[in-house]
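Engineer: The sequence and its predicted three-dimensional model are supplied below.
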Amino acid sequence: MIHDFTYLQPGSVKEALAMLAEHKDDCKVICGGQSLLIVMRQGLVQTEYLIDIKGLNELNYIKYDDKGGLKIGATTTHRAIEKSDVIAKKYPVLVDMEHKLASIQVRNWGTIGGNLAHADSAGDPAPVLTALNATVKVGSAKGERTIPLDEFYTDLFETAMEPGELVLEVQVPAPAPKTATAYQKFNLLESDQGIVAVAVSITIDAGGTCKEARIVLGNAASTSIRAKNAEAVLVGKKLTDALFEKAGEAASQECEPVGDIHASEEYRRHLIGVLTRRMAKAAFEQAKKMG
Amino acid sequence: MIIEGSFTVKAPIQKLWDMLLQPETLAACLPGAEKIEKIDETTYDAVMKQKVGPIKVKLAFRNKLTNIQPPTHLELEGEGEDVTKLGHIKQKTIVDLKEVGDGQVEVSYKSDVSMVGKLAMFGDRIMKSKAKDVEKEFTKNLQEKMKSVV
Amino acid sequence: MEKKLLRFTVNEAPYEIYVNPKTLLVEAIRDHVGLTGTKRGCETVSCGACTVMVDGMAVKGCSVLAMQVDGMKITTVEGLEKNGKLDPIQTAFLDEGAFQCGFCTSGMLMSAKAFLDETPKPKDEMEIRRAMEGNLCRCTGYNAIIRAIDAVAKGNYREDKQ
Amino acid sequence: MSENKYSVLNTRVHNVDGHAKVTGRATYTFDVTLPGMLYGKILRSPHPHAKILKIDYSEALKFPGVIAVVTGKEDTLGVKQGIWRRYKDLCDEAILTVDKVRYIGEPVAAVAAVSEEIAEQALDLINVDYEVLPFVDDPMEAIKKDAPLIHEGFERNVNVTRQISWGDVEEAFEEAEYVREDWFKLGGQHHMCMETRAAVANYTPDGKLTIYTSTQSAYYHQALLAGVLGLREGNIRVLAPYVGGGFGGKFELDGAQFCASVLSMKCCKPVKVVFSREEDFIASKRRTPMYYYVRTGVKKDGTFCAREAKVFTNGGAYTGMGATALYLTGFFHSFPYRWKAYRYDGYRVYTNSLPSTSMRGFGAPQAMFCSEQQIEWIANDLGLDPIEMRRKNGHYEGYEVPGQATIASCGLDQALTAIQKWKTSKGKLPKNRAIGISAAGFMSGGIFNWFDSPYSFSSAVVTINHDGTVELHVGAQEIGQGSSTTLAMICAEALGVKLEDIKVHMGDTDHSPADLGAWGSRQTLMAGNATKMAAEDAKKQLLEFANAKLGFNIIYDLDIKQGWVYNVARPERGMSYYDLCKEALRGKEGQRIIGRGFYTPRRKGMISPAYSYMVQGLDVEIDPETGYLKIHESVTAHDCGQPINTLGLIGQLEGAASMAIGFGYYEYLPVEDGKIMNPNLVDYKLIRAPEMPSCQVIEIDTYEPEGPYGAKEAGEGLTNPHAAALGNAIFYATGLQMKEAPIRAEAIAKAWKEKNEKAKK
Amino acid sequence: MSVICPVCKKVKKNPVDCARHMFGTGDKPHRAWFETQGLSFIDLLLDQATQPGNKSYELVGGYVEKAQKDLT
């Protein structure tokens, strides 16, 4: 049962930010609402004001240029990302991730901004975007700022956003040369959230040595996290199966998963190890093929 | 859900024991505790507020000490409810204090917490990870507090 | 609670209704418009029984506030049949026996319809299966549903073939 | 497939209720609204075991919009009921409990209000004082000496025990040259009908109750409601509109039906109660979890000697249909093999958890998971071909299961051959991929009358109108399994008319003859026999007129086929059925022609009049490191006698496969502290379209003499073999023996890791 | 040697079979008979279920045999 609320439908971002500034803690923002409405229907979340930004078309865009990289507006749907030609060309891993995010119905209505702001550590976009070194542009009545995605999450369902701030845009730098990103979540049913998920981005130099590695774990702690020890295993080395194995072990040790009915803590760690190894290898193999 | 762990504190065991039984200690150490009230020698009422992202719960708890063996063993049982009826929580906790030499006391605890209602049904994963956080913070706070007393 | 005016089109008929803003789209369709073909099978946006088309897109009616579709075009299962003639996907469901208890069927049909409109030539069976992954069925084991969609995609129900 | 000798049977037809279902016109209980209707909500126990000291609902009554609150103590007769009416001891559930709660989710009180939301809010205003009691939720704990007692008079919480045995087991084990024993653990499974439990009850001051409800047996609910409400059966009308699935979970009295009725009787207004998905999970019933011990003795050449099984089932808080499942577990555990000696001891133990009941397969899927895996391991241990070993010991036509049943038709041998052929055709499979096989058998309707029905098991009435259209009234219940279509086809075939001439009426106790309803694979055989008999009765009456009218020599036989009434010896001579009907009615003083049919199995053994056989093959890819399973293909060789409704048959088998794969792998239903941990569709995993394998069905040609046109069961039995087939595939791909169902990915990964660590040492 | 169930008088093939029948029926009158013999129905049942062999059946079979002379 949803508790009653006052429904506000701003006509512009400016108006939305003014409403946010006015109602601060007493309001919630709904965009696609594919996650929020579930908890509201369970009675777990109540709010006095609900600000609906789903209709804000000024935030519905996908822009790309080789210099500035990719910019996705907050109200862009998952489905639009999935079907974007430029994203398919430049960031195939994003399309791949979107294909596996819930179901078509959810992707048709759910938005990237809503997903990131919801801060579910089992969400798909955050690990991939973090691996791609993305930043989030947030705004409030006072102004705008950008936050790197790997600093965006502070706790389970908590972000670094202040009251009154709204996700406006996701920014992804243009792909670096000899870089590839691979993502896999482990789940029994394709459309489910991952029991755990791993995104790995590898950059190699001409000689095949690992220049940079970003390993991001999903649902392995209260937020999606960088596995920095695992990254350190790879960076500066000629990559081999033995190293991938070692990186997996490191990731499996540094994550902090919680056991639940779907998987024990031990199993989650094990899966993190396996997926990190596999994804690191997959990203490396792809990177080798890249120009 | 079982929460267990242990830590050591450098303090006389009796002093630790006395402190543990003071509501103020618990109130100060338990994150989110709004009120802890001693009803009688063995009964405490507590109100705890917890927040996980957008989800806020306020739990009203009654705890009873069921087995007290000063200064080494303590058992308590509690039952409570979220004020908006999101869930019903029961807990059974055993705390043991043991002198491990060198003026150190090892405090070990084991809580069996069970929940029913929307919170538990829907938020098993959320609640479990939150409980872990609360536990960590409580232990940290308690250790701090003990240090300051000793 | 102040009710809000919602104007939308359901199966090509215009509606103006006043709703509590917390009303879900599926509730607006069932309780206010009175079309009960759209079902509800869960509270967690899992089962897809409430799937309808919003401006041609398959959307779960329980995951959307009714106010969010203000001004939009909704198609429900009742809107598939035109002038007493079944939509090809409905006929295909009958031909393949793609339903048993029928409770998930409305949602299945809407997902299938939206998918076929968008992807007239799916590249393989897996693409069809993935298109239907948001809809649960406890009876059929899905395969008959997939066969029905495949048959429509293959053109077996084009007018010149009938 | 051989040429079809029938005009309607074994053809592909549209389901008779198909048009309503694909256009959204089909109305379910969920959709029923009546003028002046109130909405009911149920307050449920948060405790697995507690005494109710006091219920204070005064605040709830003050809440605007609340019309009534009912409790077990004040507003019901407190009658304990159960589906085993012949055994008073086992009628142990009051639905709205009177003084004690025995599981989390048990109904404690109910509210009727002008809206669902108000009713739900009012629940929070009811205060219940409980005295919390110690609880136990595991059968092995509940049976211990000092475990809390859940029901008075059931020492050690043993609810029912069942024994089945034949032959000298000790001696047969002596004879065996190889003996293997294993313990298994089986989890529960939820029916997960797409339509949750729902009822709209309308009690009127003239003492009559009409109830629309989602049910598998309108007649059972009429009788059970009469008992608990103190009304005469005839004053209760149960209407089952379209039913959104049943699977064995919707023929016991449930909270929606009972609370809606009690509230309606109190308010004299219609009251609707619809379970939320969460309520449906925590407060309906489930497949029985079990602890399962099996010991099997065989000769070195693979001849089966003896088998012994000891089983403890988690009965949950109440008896329900679980007692029947306990017996069938033991019986089907012997299937489909010949054992010289066999012994089964089953114990159903009460626990403070959700009651367990019948669910598609009725106790047999659990038994087959254990049996069919162990057989595979034995064959492997002895170096024998498992398919040949199965063949060597399998049932055959004419075999008698000692003291239990005679097998009149059996396609096991052909089914094994078909699967063997498929397996061979697959050739060598890549690494981590294997084929798992499992055999099973099942019944076509149970010969049990624990309900103490005074009526025939199945009945049908066929009425012919003057224009030749036919009203087929059956008590059989359509729940999606296609019984309406199957019975309409049988009726059309028997009468010799077209399928579109038949209208099926069911699910209304005022107008349908009494019938035990849809459970235990009863419909095709039992309701089918009744329907065939009724149609033949009507046809006989028609032919009497035809004989008089056509004036053939009395030595000739007449028949009707495809609407043509004719002389069998000279088929071209005859008349139109439709014309005949007009004249026949005139000859009967304008009365419609009515045929009656009924069926109750007699002299058919202890269990069922007929048995179906099947062999299941699954091609499975295993990622042992993660435990992920990908099922590439499912092939079923199935013997269901004469197929009636071709499309329905395939649908039933594919549906069974999806549910059975769920039981084997996806559908984990953990209970902690008496509480179901995943009562929602996010956390309870139902297979979805991408995971569902393609299914191939190989029909095995048999003829069942007891069945209508030689037909028997299809669609329930096939929930039995898949879990074991999965286990067997895992065994061949990895060498792991998985003894817990569902086989969890985590368990596979863990066992694999341990195996590798062991190998390293 | 066929025997008669001391409670419901059903004829059974042999004492062990009769014991099995008594455990299997397990209703109040049958349980009560165990008590009259100084046996615990439930303990014997558990032994039978959790231990290999047929000890409980044989034991009760012995009692059934003894009871026969009072029944005929």
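Structural biologist: On my side now, so go ahead.

Engineer: any idea whether A:T181 is helix, strand or coil?
Structural biologist: strand (DSSP: H, G, I helix; E, B strand; the rest coil).

Engineer: For chain E, just list every one of the strands.
Structural biologist: Here chain E has its strands, by DSSP state E, at E:3-4, E:11-12.

Engineer: so who does the residue positioned nearest the centre of chain E touch?
Structural biologist: Of all residues in chain E, the one closest to the mean position by CA atoms, centre = their mean is E:A19, 3.0 Å from it. By CB atoms under 8 Å, 6 or more residues apart in numbering or on different chains, the contact list for E:A19 reads E:S56, E:Y57, E:E58, E:L59, E:V60, E:G61, E:V64. Glycine gets a C-beta too; all of them are placed from N, C-alpha and C.

Engineer: next one: A:L234
Structural biologist: A:I202, A:C210, A:A213, A:I215, A:L243, A:F244, A:A247, A:A280.

Engineer: So in chain E, which helix runs the longest?
Structural biologist: helix E:55-71 (DSSP state H).

Engineer: What is the least confident helix or strand in chain B?
Structural biologist: helix B:118-149 (a mean of 75; mean pLDDT, DSSP states H and E).

Engineer: So D:W450 sits against D:Y87, correct?
Structural biologist: Yes: D:W450 is within contact range of D:Y87, at 6.7 Å (criterion: CB atoms under 8 Å).

Engineer: picking up where we left off before, point out the most buried one among the strands of chain E.
Structural biologist: strand E:3-4 (a mean of 19; mean count of other CB atoms under 10 Å in any protein chain shown).

Engineer: Listing partners with orientation, what would you give for that strand?
Structural biologist: In its sheet, strand E:3-4 lies beside strand E:11-12 (antiparallel), with partners assigned from DSSP bridges.

Engineer: average pLDDT for the partner strand?
Structural biologist: Averaging pLDDT along strand E:11-12 yields 87.

Engineer: and it, how far out from the chain's middle?
Structural biologist: Mean-position distance between strand E:11-12 and its chain equals 12 Å (CA atoms, centre = their mean, to the nearest Å).

Engineer: Can you pull the domain assignment for chain C?
Structural biologist: Split into domains by automatic domain parsing, chain C comes to C:4-79, C:88-157.

Engineer: want to throw the ones you listed into a markdown table with distance to D:G664 and mean pLDDT?
Structural biologist: Listed next are the domains of chain C as a markdown table, based on distance: least, CB to CB, whole Å; pLDDT from 0 to 100:
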| stretch | distance to D:G664 | mean pLDDT |
| --- | --- | --- |
| domain C:4-79 | 21 | 97 |
| domain C:88-157 | 14 | 97 |
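
Engineer: Go through the ones you listed and pick out the most buried.
Structural biologist: Ranked by mean neighbours (mean count of other CB under 10 Å), these are led by domain C:88-157, with a mean of 23.

Engineer: Would you tell me whether it gets close to chain D?
Structural biologist: Yes: residues of domain C:88-157 contacting chain D under CB under 8 Å from any CB of the partner chain: C:90, C:93-97, C:99-106, C:109, C:125-126, C:128-130, C:132-133, C:135-146.

Engineer: how long is that domain end to end?
Structural biologist: 6 Å (CA to CA, to the nearest Å).

Engineer: From the centroid of chain B, which residue is nearest?
Structural biologist: Geometric middle of chain B (CA atoms, centre = their mean) lands on B:L30, at 6.6 Å.

Engineer: Surely that residue and B:F138 touch.
Structural biologist: Yes: with contact defined as CB under 8 Å, B:L30 reaches B:F138; the gap is 5.6 Å.

Engineer: quick revisit: how close does the residue nearest to the centre of chain B sit to chain A?
Structural biologist: B:L30 sits 18 Å away from chain A, taking CB to the nearest CB, to the nearest Å as the criterion.

Engineer: Where do the helices of the stretch 51-200 of chain A begin and end?
Structural biologist: A:78-82, A:85-90, A:92-99, A:104-109, A:112-118, A:125-131 (DSSP state H, counting those that start in this stretch).

Engineer: circling back to that earlier point, please identify which of the strands of chain E is closest to C:D160.
Structural biologist: Of all the strands of chain E, strand E:11-12 sits nearest to C:D160, with 75.2 Å by CB to CB.

Engineer: Identify the residues contacting the closest one?
Structural biologist: E:S2, E:V3, E:I4, E:C5, E:C18, E:H21.

Engineer: residue contacts, the first one?
Structural biologist: Under the criterion of CB under 8 Å, 6+ apart, the contact list for E:S2 reads E:V11, E:K12, E:K13, E:N14.

Engineer: Indicate whether whichever strand or helix holds B:S111 makes contact with chain A.
Structural biologist: If you go by DSSP states H and E, B:S111 is part of strand B:104-116. No: applying CB under 8 Å from any CB, one finds strand B:104-116 separated from chain A by no less than 12.8 Å.

Engineer: And the residue of the stretch 1-150 of chain A found nearest chain C, how close does it get to C:K123?
Structural biologist: In the stretch 1-150 of chain A, the residue that lies nearest chain C is A:S103 (2.6 Å; CB to the nearest CB). Separation of A:S103 from C:K123 (CB to CB, to the nearest Å): 19 Å.

Engineer: And D:E141, by the same measure?
Structural biologist: Counting by CB to CB, the gap from D:E141 to C:K123 is 54 Å.

Engineer: Many thanks, we can stop here.
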